[in-house]
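Engineer: Coordinates only, no sequence provided:
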């Protein structure tokens, strides 16, 4: 780190990524709140622990091998080249740059920013399967989505040298597809195998509402996710880089912030577009759901997710309209899929993340048609077909199929779903019984004291 | 002798790299970490299976299930 300018740039970048990490913690707080709020009293603590324990499991596996996958696999491998072993060497679990290292200030914070995305991917899945999945099975699935599937899709489509960017012109600046569509698809794959909660569907197939025990807590949870999403957006950028650092076709000496693809953008642009897409989603979510709190808040989230693919470039009013369109699609698709395929997505995660993310990628292909996907020569430009193929890869190839396959394996091993009696009693039944008995004993003693 | 390789700070920082103890044993650390991770899954899955068996044995009768559902 020689020279004052280099030192300031490096320490600024280090602090920039670090600051995104506590902000993104709010996403996980929000997921926990809305999952527990959506569950019934008999399942609260198991629901909370199911989500909480994905944190250590995804963290350690992302350290062991997930981070290496990102740096090793941008070429597929064997689509635009082989494994990038030389670049990936600095990101193995045994690399000196992964520990305290006076010569490297960036790898650790960059790893952690990606890790928080990994938690988000796994946490999206967690909500949809509540109240009937075996926790041990879920945690295996969490590692698959959080430390394998999503990070391969990031290497392919969220890396300046990713083959999808080069060949398809894939553009997904704030992760409509690389986090949301894949997680939604993965959740849907599991749900097909897992089945609905007991009582969710009438004999004629009509879905019944299993209402959240605390709608207020669910909505606040979604509000926390909005708060954490600020960190998510900021972490998607490279904060400060000069044309020399990019090494592409950009000329001159002007430094800039860029997307993960090293294409220029500004924090100002994404701040306005975040707020406008949130607004578009909230407005449509309110209207389409008749003012339902859960779907209005979910609409805000779906709106951001839909516009995220192109929010580095959209005009704010475009972002608002695109967000509204995606929210409408997500809401309608949720209810159609629920009725048609008897899918019990307890928190609407497949819709809010999966369908909105998919729609956002496709819309981006039309609105940004012809814009360069990269500052490097020879890359395909953004186009509708590339974005559609990219959406299929995210939702189905790396999302739905791995989720379905691993869920099938777990089901075959008798590990996927909790026993029927336990589901009826509630996962927290023994604890609740003990607490009721203890409270009754204290009350009896208090009555004796009062007599 | 220092476990970190740093004996004192009379150094030019541009020449300093890793500063954690027992450098060179990273692969061993990884092996231990992976064993602990996989072992955790095995122990957890066994414990969860036992937990469900116990719940069913102690509370799985129709009367208790009915009471639980009425109390929801």
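Structural biologist: Yep, that arrived. Worth saying up front: this structure is predicted, and the values here are computed from it rather than measured.

Engineer: where does residue A:165 land in three-state SS?
Structural biologist: When the structure is split into helix, strand and coil by DSSP: H, G, I helix; E, B strand; the rest coil, residue A:165 lands in helix.

Engineer: So what's the residue count around it?
Structural biologist: Applying the criterion other Cβ atoms under 10 Å in any protein chain shown, we find 29 residues in the vicinity of residue A:165. In short, each C-beta sits where N, CA and C put it, glycine included.

Engineer: what separates it from residue A:277, distance-wise?
Structural biologist: When distance is defined by Cβ to Cβ, to the nearest Å, residue A:165 is 23 Å away from residue A:277.

Engineer: swap in residue A:402?
Structural biologist: If you go by Cβ to Cβ, the gap between residue A:402 and residue A:277 works out to 29 Å.

Engineer: same check, this time on residue B:42
Structural biologist: The span separating residue B:42 from residue A:277 equals 44 Å under the rule Cβ to Cβ.

Engineer: State the distance from residue A:279 to residue A:273.
Structural biologist: Taking Cβ to Cβ as the measure, residue A:279 and residue A:273 are separated by 10 Å.

Engineer: Show me which of these two is the more surrounded one.
Structural biologist: Under the criterion of other Cβ under 10 Å, the comparison of residue A:279 against residue A:273 puts residue A:273 first, with 29 against 18.

Engineer: quick one: contacts for the more buried one?
Structural biologist: Contacts for residue A:273 (Cβ atoms under 8 Å, 6 or more residues apart in numbering or on different chains) come out as A:307, A:311, A:312, A:314, A:316, A:319.

Engineer: Could you say which helix or strand holds the last one?
Structural biologist: Following DSSP states H and E, the helix or strand that holds residue A:319 is helix A:316-341.

Engineer: For that helix, give the mean pLDDT please.
Structural biologist: Per-region confidence: helix A:316-341 scores 97 on mean pLDDT.

Engineer: Could you give me the buried positions within the lowest-mean-pLDDT helix or strand in chain B?
Structural biologist: For chain B, using mean pLDDT, DSSP states H and E, the weakest element among its helices and strands is helix B:62-71, scoring a mean of 90. Along helix B:62-71, the positions that meet the burial threshold by neighbour count (16 or more other Cβ atoms under 10 Å in any protein chain shown) are B:64, B:65, B:68.

Engineer: would you turn those into CSV with distance to chain A?
Structural biologist: What follows is the buried residues of helix B:62-71, written out as CSV (distance: Cβ to the nearest Cβ, whole Å):
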residue, distance to chain A
B:64, 7
B:65, 5
B:68, 5
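
Engineer: residue boundaries of the helices in the stretch 51-200 of chain A?
Structural biologist: According to DSSP state H, counting those that start in this stretch, the stretch 51-200 of chain A carries its helices in the segments A:54-61, A:67-72, A:85-88, A:107-128, A:135-144, A:150-157, A:163, A:182-194.

Engineer: Which of the buried residues of helix B:62-71 sits closest to residue A:127?
Structural biologist: Proximity of the buried residues of helix B:62-71 to residue A:127, judged by Cβ to Cβ, is greatest for residue B:68, which lies at 23.7 Å.

Engineer: now check the longest helix along chain B, is it near chain A?
Structural biologist: The residue-count maximum for a helix in chain B (DSSP state H) belongs to helix B:26-59. Yes: applying Cβ under 8 Å from any Cβ of the partner chain, one finds helix B:26-59 touching chain A at B:26-27, B:29-30, B:33-34, B:37, B:40-41, B:44-45, B:48, B:52, B:54-56, B:58-59.

Engineer: residue of the stretch 51-200 of chain A with the smallest distance to chain B?
Structural biologist: residue A:94 (3.6 Å; Cβ to the nearest Cβ).

Engineer: ok, back up a step: what would the helices of the stretch 51-200 of chain A look like in CSV with mean pLDDT?
Structural biologist: Rendered in CSV, the data for these read as follows (pLDDT from 0 to 100):
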stretch, mean pLDDT
helix A:54-61, 98
helix A:67-72, 98
helix A:85-88, 95
helix A:107-128, 97
helix A:135-144, 98
helix A:150-157, 98
helix A:163, 98
helix A:182-194, 98
